[in-house]
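J.: With the input below, show me the fold.
(2 chains)
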Amino acid sequence: MRPLDRRQFLGRSAAVLGAGALGLGVGAEIASGASTSEPSAAESARRTLADELAARTDFVGYHQHGILTPRQTNAAFIALDAIVPRQSELIEGLKELSYRAASLTQGDSVGEIEIDDPPPDSGLLGEYNAPDALTVTIAFGSTLFDHRYGLAAARPPQLVPMPAFEKDGLEPDRCHGDVLLSICADHRDTVVHTMRELLRVTAGVLTPRWRIDGFQSTKRGPTPRSNTRNLFGFRDGTANPHADDAKLMDELVWVKPGHGEPGWTAGGTYQVVRTIRMHVEFWDRVGMFEQQNMIGRDRVSGAPLGGTDEFQNPRYDLDPHGRRIPLSAHIRLANPRTPETENQRILRRPYNYDRGLDEAGNLDQGLLFVAFNQDIQRQFETVQKRLEEEEMADYITPVGGGYYFAPRAARASGDWVGSVMFSS
Amino acid sequence: MLLSVVLVALGLAAFLGSALAPSHSHGLSGGVASVGPAEVANPLAGRLTHMVGTDLPASVVGEEAAAREDFGENLAGEKVSDLLPLPASSFKKPVKEYKAYAHVWIERTIQDAKALGDTLSGSSRVAAQHAWEKAWGDYMHLGADYGLFGELEEELDGTAGGPRTSPSDPDFVGFRRLEWGLWTGRPLHSLSRYDHRLVADLIRLRAAVPGVEIDALDYATRGHEIIEDAQRDLMSGMDVPWSHQGVLGTAAALASAEEVFHTLEPLLSGRDNTKGEVNNWLVRLRGLFASLRRHGRYPSLDQMGEREHEEFNGYVAGALSALEMVPSTLETETYKAPPSIERQR
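T.: Numbering: from 1, shown residues only, chains lettered A, B, ... in the order given. Reported below is the predicted structural model:
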């Protein structure tokens, strides 16, 4: 992600506003650096706002963004089903999806408004769609590779419908889908606007199947490196592999063609999404001692039990019988930290969710588990089966989600995400 | 902090501080001798106004100890419980009483299931539905068996294939299979074999109950787990998708939670005010359920009014807030901090 220079941003904003727009004078003045007077309060506010919204993430490249990208604060995940009868129509829809996503992630101006027509966009973000660190990651479910669109032979071998694991309570209308959009940005209105715009351009080709919104907890220290907390109050992501370690990502995230994987999967990754309901009222009634033993960490500091620092190695080798950290503790089962389990690690990119109340008046909150991995069986499914033994399983119920494949990014302007599937 | 260090260094300090501190840290005045009971001889044979070997006033020590106690810590900074743990053997009597209660309800359920079988040989679907409600409602009185009987329990419930076992699943048996068949128009006689299996499973359950081990902590947590599960699975309609008899099941679960609580009441006496608080909420819930009955039957979930739903949710939340204190009030072990990584090296 690279922050857009504020001046450049404002200059561009001003340019697209049109001569009649109220902000032109101010914008042009700032952009040119011509003003020598103190900025007005309104101008200062405008500058601050511009800074907040200026971060921009590429859309084209080799790997799609929104995978290794540092997590933005807000997200929406929306699964869509293809409803058109012909491959050519699907391709047109996917092109439109990519092109619109590209323009939104880079920041774009609102098109010309014809007074007789519906407006060209939702208007939610004003005259200029600031990038706001937006990423749109496009992935495909196994059902897209059925008989409808001539893709059956191109299906990545591990792309199958997500199975129900032992303690899952999957609701069919919250699972699977032909296409999954992961829309992430720093501000909620950017996410909402993007979703509306993408649904607008794909209407008639792709139809929504399920969606869920996510948010990230605020960073509250004590250090900038300290991880945020999930809705059980524990720090989340402490042992996540470092996304900036390219060698490690090659080993854990990016699919390598060969070994059964078709050539077009190069640069892509398997994405697992699980909507995990957390029974927070139940959890809040559990004693702190039990909570910490179930997780394996101190709730306040995030340190492994018996440790003093969040990032301290839990040293399971010193505790083979679980006297310090129970053998059924979440962190121990999720990542046993043995040489044999190193290549089972996954790159997690989770969000919290909060959907109001259920039928019984309990809070419907939980975790949007989002993980990227090179090999679903070797990584996610192996970890998931280990976690069936965790005691925390009594306090959660996975209710939705699916398996998807996020292919490489669009190569350049004119290319689109998924084009490689059709040319393979 | 300095004060704490000095205190921890003195073994005697912990004893004096915790023994003499009030339960709050404000308003402490005077020396040690004025606070202790008059009939207890002062082992140090004199009035103590300062910590031994230091210039620290005893009142300051007491305040420090009390402040720590308010945070659940002793003067060494260790987490401590404010109640002496109970011996695990204290739970033998409550568990035995509960098993006797469970036996009665299993016996009733067996008779109910046999009666259900009779209705399945007849032609009245309504009669068969009522017979199912009677059998299932009695079975739900066994709430505290939660998780103790593994596969047998799953067969009885009809959830062996997971929480969302479907009619096409071979594990779809037990009460849920019968419920599905009765409320979706399946021929009554086609359900008889599931009823026979249900009776056989209930007889196996009756034989298994006396020998099952129930851990003290597990038993102490049963009360609120039963109500939590009823709220989540029954009042949401999830576990009764066809009959919508969530209220009936929840009333039975409440009776079961009350039974567990009553067996534990002797142990709770004199330990905080948990007993009183739980009783208050149970009385309210019992009153609510009594008011819900119409013509001798509980309404289905969709027949409940908005106000009734709200009262139910509110009372359950209140009852759970009180019941959650039961396990910690009846703790059988002293909290031990995990060993440090350094010490394990």
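J.: From B:Arg345, how far out is A:Pro320?
T.: 14 Å (CB to CB, to the nearest Å). For the C-beta atoms, the positions are set from N, CA and C on the backbone; glycine is no exception.
J.: which residues touch the closest residue to B:Gln344 other than its chain neighbours?
T.: Excluding the flanking residues, the one nearest B:Gln344 by CB to CB, 6 or more residues apart in numbering or on different chains is A:Leu318, at 4.1 Å. Counting by CB atoms under 8 Å, 6 or more residues apart in numbering or on different chains, A:Leu318 touches A:Arg324, B:Ile341, B:Gln344, B:Arg345.
J.: try 7 Å this time
T.: B:Ile341, B:Gln344, B:Arg345 (CB atoms under 7 Å, 6 or more residues apart in numbering or on different chains).
J.: pretty sure B:Leu86 contacts B:Ser269?
T.: No. The pair B:Leu86 / B:Ser269 is not scored as a contact, 11.6 Å apart, by CB atoms under 7 Å.
J.: of those two, who's got more company?
T.: B:Leu86 (17 against 9; other CB atoms under 10 Å in any protein chain shown).
J.: host element of the more buried one?
T.: Assigned by DSSP states H and E, B:Leu86 falls within no helix or strand.
J.: nearest residue to it other than its sequence neighbours?
T.: Once flanking residues are discounted, B:Leu86 sits nearest to B:Thr332: 5.4 Å by CB to CB, 6+ apart.
J.: Point me to the helix or strand that includes that neighbour.
T.: Using DSSP H and E, no helix or strand contains B:Thr332.
J.: got a pLDDT number for it?
T.: B:Thr332 is assigned 83 on the pLDDT scale.
J.: before we move on, back to that, between A:Pro320 and B:Arg345, what contacts are shared?
T.: Common neighbours of A:Pro320 and B:Arg345, counting by CB under 7 Å, 6+ apart, are absent.
J.: show me what contacts the residue of the stretch 151-300 of chain A found nearest chain B?
T.: Relative to chain B, the nearest point of the stretch 151-300 of chain A is A:Arg285 (3.8 Å; CB to the nearest CB). Residues in contact with A:Arg285, defined by CB under 7 Å, 6+ apart, are B:His224, B:Leu320, B:Glu324.
J.: try A:Glu281
T.: By CB under 7 Å, 6+ apart, the contact set of A:Glu281 is A:Asn362, A:Leu363.
J.: now A:Lys385: how far from chain B?
T.: 15 Å (CB to the nearest CB, to the nearest Å).
J.: can you give me the strands for chain A?
T.: A:2-3, A:55-56, A:74-82, A:108-109, A:128-129, A:135-141, A:179-185, A:206-215, A:269-278, A:347-348, A:351-357, A:363-373, A:396-406 (DSSP state E).
J.: Quick one: these as CSV, columns for mean pLDDT too.
T.: Conversion of these to CSV gives the following (pLDDT from 0 to 100):
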stretch, mean pLDDT
strand A:2-3, 40
strand A:55-56, 92
strand A:74-82, 98
strand A:108-109, 82
strand A:128-129, 87
strand A:135-141, 98
strand A:179-185, 98
strand A:206-215, 98
strand A:269-278, 98
strand A:347-348, 98
strand A:351-357, 96
strand A:363-373, 97
strand A:396-406, 97
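J.: now those in a markdown table, with distance to A:Phe311 and mean neighbour count?
T.: Listed next are the strands of chain A as a markdown table, based on distance: least, CB to CB, whole Å; neighbours: other CB atoms under 10 Å in any protein chain shown:
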| stretch | distance to A:Phe311 | mean neighbour count |
| --- | --- | --- |
| strand A:2-3 | 27 | 11 |
| strand A:55-56 | 26 | 18 |
| strand A:74-82 | 25 | 23 |
| strand A:108-109 | 40 | 18 |
| strand A:128-129 | 38 | 24 |
| strand A:135-141 | 27 | 26 |
| strand A:179-185 | 25 | 27 |
| strand A:206-215 | 24 | 20 |
| strand A:269-278 | 24 | 23 |
| strand A:347-348 | 16 | 20 |
| strand A:351-357 | 22 | 16 |
| strand A:363-373 | 21 | 22 |
| strand A:396-406 | 25 | 24 |
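J.: Adding distance to chain B, write those out as a markdown table.
T.: A markdown table is the format used below for the strands of chain A (distance: least, CB to the nearest CB, whole Å):
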| stretch | distance to chain B |
| --- | --- |
| strand A:2-3 | 40 |
| strand A:55-56 | 39 |
| strand A:74-82 | 19 |
| strand A:108-109 | 44 |
| strand A:128-129 | 41 |
| strand A:135-141 | 20 |
| strand A:179-185 | 22 |
| strand A:206-215 | 16 |
| strand A:269-278 | 10 |
| strand A:347-348 | 24 |
| strand A:351-357 | 9 |
| strand A:363-373 | 10 |
| strand A:396-406 | 7 |
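J.: per-domain residue ranges of chain B.
T.: Domain assignment for chain B, taken from automatic domain parsing, gives B:2-70, B:88-329.
J.: Deepest in the core, which of those is it.
T.: Burial of those is given as mean neighbour count (mean count of other CB atoms under 10 Å in any protein chain shown); domain B:88-329 ranks first at a mean of 18.
J.: Report the separation between the two terminal residues of that one.
T.: 13 Å (CA to CA, to the nearest Å).
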